[in-house]
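got a predicted model here, sequence first, then my questions.
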Amino acid sequence: MAIKSCTVAASISALAFLKRILQILFICFPFSLLLAQTPQFSGPIFQGIVQHNEIDEASGIAASVLNTDILWTHNDSGDSARIFAMNIHGQHRGTVTLAGAENRDWEDIAVGPGPATDIPYIYVADIGDNNSRYSTKYIYRFPEPIFSSSEAVHDTTITNFARIKFQLQDGARDTETLLSDPSNGDLYIISKRETNVRVYRLTSPLDTTNLMIAHYVATLPITYIVGGDISHSGDEILLKTYTNIFYWRRDKSKPLWESLTATPDTLPYTPEPQGEAICWAKNDSGFFTVSEEIANIPANLFFYQRLHTSGMKIHPDRRINFFLGQNFPNPFNQLTKIPFSLTTPARAKLQIFNLPGECIATLLDENINAGIHFAIWDGKNLANNLVSSGCYVYQLSVNHKKCQTGKLLFLK
């Protein structure tokens with residue numbers, strides 16, 4: 001009995017000790033912070049080629065708030081003052097032209113709050129300055145138009161927009177990133193070329209009449225920041241370079257820029273040719289990236305899906321672990337490229353079929369790493385002879401069971 005009593009006493013003492021440790025932990029560290037973990041994201045899921053031929057230097061991207069499955073984008077310098085609507089598979093849905101505005105060097109776009117309550121506004125940042133020669137920068141603001149992801153293409157011209165004129169507190173610098181804080185309407189501009197880039201803030205309400213000063217608030221030990229976005233919930237921040245994507249979880253008890261001074265996490269990213277644009281999905285279920293067209297490679301739209309979402313609704317199209325894109329060029333008469341992506345390593349088989357359903361060529365049948373890939377077809381069959389002109393079907397199967405197909409046109 002003495003042994004039992006000692007054992008019970010020791011157990012009670014241990015439980016009391018553990019309880020006290022937990023109390024200390026919860027006092028020192030809020031429960032939300034104990035649960036906070038870096039979210040996990042998939043590799044790139046190929047959504048589609050940006051189909052509109054006039055989008056050739058996509059420099060910014062933002063998810064629509066009012067329109068289901070619509071993304072806004074724009075070209076870099078040299079284009080007219082316009083933005084484009086496309087759906088989440090890169091299909092063109094319309095153009096919004098800003099009458100009387102100028103695209104000196106549009107570098108980023110954001111959707112966020114504005115002067116009218118419960119109305120989302122689009123912010124287009126004319127802030128690029130490769131040679132640091134412009135003392136004044138501009139941001140155009142207008143209520144978000146309503147488009148459709150499935151109806152016919154719709155073009156419109158607007159005159160009802162505001163222009164925010166501002167200067168950086170410490171002089172001219174090249175900047176390519178605009179962030180809109182959904183919690184208070186502040187705008188953040190981030191420089192590009194310094195070894196340690198600088199963060200600037202335009203405090204809401206924004207003055208559309210007088211020159212504003214964007215105050216220097218922080219320095220980040222990162223270089224070549226080319227795009228970024230704040231989640232629609234306001235809890236998470238993304239910034240990207242040409243080679244990396246950085247992630248911060250925001251502490252809403254502090255100004256946004258203070259969260260950026262913490263050490264970020266690095267998320268999975270497959271670099272794209274001149275890839276400068278990134279945005280959160282409308283429901284924060286992941287993020288999109290898009291590249292510029294370069295070296296005859298079309299601009300591709302990719303989605304990085306959030307994993308372990310704890311009940312967050314994921315669009316059905318994003319549950320798949322691979323994606324097969326449209327070949328390019330199409331039609332073709334020499335070589336064509338067929339893009340596809342895998343979120344995890346898998347056995348991939350890509351074949352060409354004629355319309356009766358006979359396999360005429362196998363382009364690959366091997367274990368493939370996660371990422372973005374391209375298969376090339378030269379129009380030849382299994383006997384190494386050129387096939388006849390006509391329509392053919394290409395099919396990607398993954399792990400011997402799942403498959404997607406596309407059609408292509410070969411012309412001799």
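Cool, got the structure. Numbers count the residues shown, from 1 in each chain.

where does this protein dip in pLDDT?
Per-residue confidence for the chain (pLDDT under 70) gives these ranges: 1-37, 148-151, 295-296, 308-321, 402.

what about the helices in it?
2-28, 31-35, 256-260 (DSSP state H).

outline the domain layout of this protein.
40-318, 322-410 (automatic domain parsing).

which of these is buried the deepest?
Ranked by mean neighbour count, the domains of the chain are led by domain 40-318 with a mean of 19 (mean count of other CB atoms under 10 Å). C-betas here are computed from N, CA, C, even on glycine.

show me how far it is from its chain's centre.
Relative to its parent chain, domain 40-318 has a centroid offset of 9 Å by CA atoms, centre = their mean, to the nearest Å.

so L350 sits against Y394, correct?
Yes. Look at L350 against Y394 with CB atoms under 8 Å: they come within range, at 6.6 Å.

now do the shared contacts for the two.
I338, L363 (CB atoms under 8 Å, 6 or more residues apart in numbering).

list the contacts for the residue nearest to L408 when sequence neighbours are not counted?
Once flanking residues are discounted, L408 sits nearest to N327: 4.7 Å by CB to CB, 6 or more residues apart in numbering. Contact analysis of N327 by CB under 8 Å, 6+ apart lists T336, K337, I338, P339, W377, Y394, G406, L408.

cool, K137 as well?
A125, D126, I127, D129, K165, F166, Q167, L168, T175, I189, A214.

rerun at 10 Å
104-105, 107, 125-129, 164-168, 172-173, 175, 189, 200, 212, 214 (CB atoms under 10 Å, 6 or more residues apart in numbering).

swap in D378?
F332, Q334, L335, T336, A361, L363, N384, L386, F410.

mind putting these into CSV with distance to G78?
Formatted as CSV, the contacts of D378 follow (distance: CB to CB, whole Å):
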residue, distance to G78
F332, 29
Q334, 30
L335, 30
T336, 29
A361, 41
L363, 37
N384, 44
L386, 40
F410, 35
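
what's the farthest-apart pair in those?
Pairwise distances across those (CB to CB) peak at 17.9 Å, for the pair F332 and N384.

for stretch 202-216, C-alpha coordinates in PDB please.
The C-alpha coordinates for stretch 202-216 follow below in PDB (Å, rounded to 0.1, in the frame of the first residue of the first chain):
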ATOM      1  CA  LEU A 202       0.700  55.300 -48.200                       C
ATOM      2  CA  THR A 203      -1.700  55.800 -45.300                       C
ATOM      3  CA  SER A 204      -5.400  55.600 -45.900                       C
ATOM      4  CA  PRO A 205      -7.500  57.700 -46.600                       C
ATOM      5  CA  LEU A 206      -5.600  58.300 -49.900                       C
ATOM      6  CA  ASP A 207      -5.400  61.800 -51.200                       C
ATOM      7  CA  THR A 208      -6.400  62.000 -54.900                       C
ATOM      8  CA  THR A 209      -5.900  65.800 -55.100                       C
ATOM      9  CA  ASN A 210      -2.500  66.600 -53.600                       C
ATOM     10  CA  LEU A 211       0.900  64.900 -53.800                       C
ATOM     11  CA  MET A 212       1.300  62.200 -51.200                       C
ATOM     12  CA  ILE A 213       4.500  60.900 -49.600                       C
ATOM     13  CA  ALA A 214       5.100  57.200 -49.300                       C
ATOM     14  CA  HIS A 215       6.900  56.900 -46.000                       C
ATOM     15  CA  TYR A 216       9.800  54.500 -45.600                       C
END
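
M86: which of the contacts of N327 is nearest?
Nearest member of the contacts of N327 to M86, counting by CB to CB, is P339, at 16.9 Å.

for the stretch 251-400 of the chain, just list every one of the strands.
For the stretch 251-400 of the chain, the strands defined by DSSP state E, counting those that start in this stretch occupy 265-267, 275-280, 286-291, 300-307, 322-324, 336-342, 346-353, 359-368, 371-377, 390-398.

quick check: which of those strands is nearest to W248?
It's strand 265-267; of the strands of the stretch 251-400 of the chain, that one is closest to W248 (CB to CB) at 7.7 Å.

partners of that closest one in the sheet?
Its sheet considered, strand 265-267 pairs with strand 245-249 (antiparallel) by DSSP bridges.

got the angle between the partner strand and strand 300-307?
Put simply, strand 245-249 runs at 40 degrees to strand 300-307, going by axes from the mean of the first three to the mean of the last three CA atoms, to 10 degrees.

CA-only coordinates of strand 245-249 in CSV, if you can.
C-alpha atoms of strand 245-249 as CSV (Å, rounded to 0.1, in the frame of the first residue of the first chain):
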residue,chain,number,x,y,z
ILE,A,245,8.3,33.0,-53.0
PHE,A,246,8.4,34.2,-49.4
TYR,A,247,5.5,33.9,-46.9
TRP,A,248,4.7,35.7,-43.7
ARG,A,249,1.8,35.1,-41.3
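
relative to I164, how far out is the closest residue to F166 other than its chain neighbours?
Sequence neighbours aside, M212 is the residue nearest to F166 in space, at 4.0 Å (criterion: CB to CB, 6+ apart). Separation of M212 from I164 (CB to CB, to the nearest Å): 6 Å.

now list whatever residues contact both of those two.
K137, I139, L187, L202, L206.

bridging residues for the closest residue to I45 other than its chain neighbours?
Leaving aside its sequence neighbours, I45 sits nearest to F303 (CB to CB, 6+ apart; 4.6 Å). For F303, the beta-bridge partners are I45, F288 (DSSP bridges).

now do the one 4 residues further on
Going by DSSP bridges, L307 is paired in beta bridges with Q40.

and it, what does it touch?
P39, Q40, F41, S42, G286, I314, T343.

at 8 Å instead, please
Counted by CB under 8 Å, 6+ apart, L307 has contacts P39, Q40, F41, S42.

picking that back up, JSON lines for the shared contacts of M212 and I164, including distance to S59?
Listed next are the shared contacts of M212 and I164 as JSON lines, based on distance: CB to CB, whole Å:
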{"residue": "K137", "distance to S59": "15"}
{"residue": "I139", "distance to S59": "14"}
{"residue": "L187", "distance to S59": "17"}
{"residue": "L202", "distance to S59": "20"}
{"residue": "L206", "distance to S59": "22"}
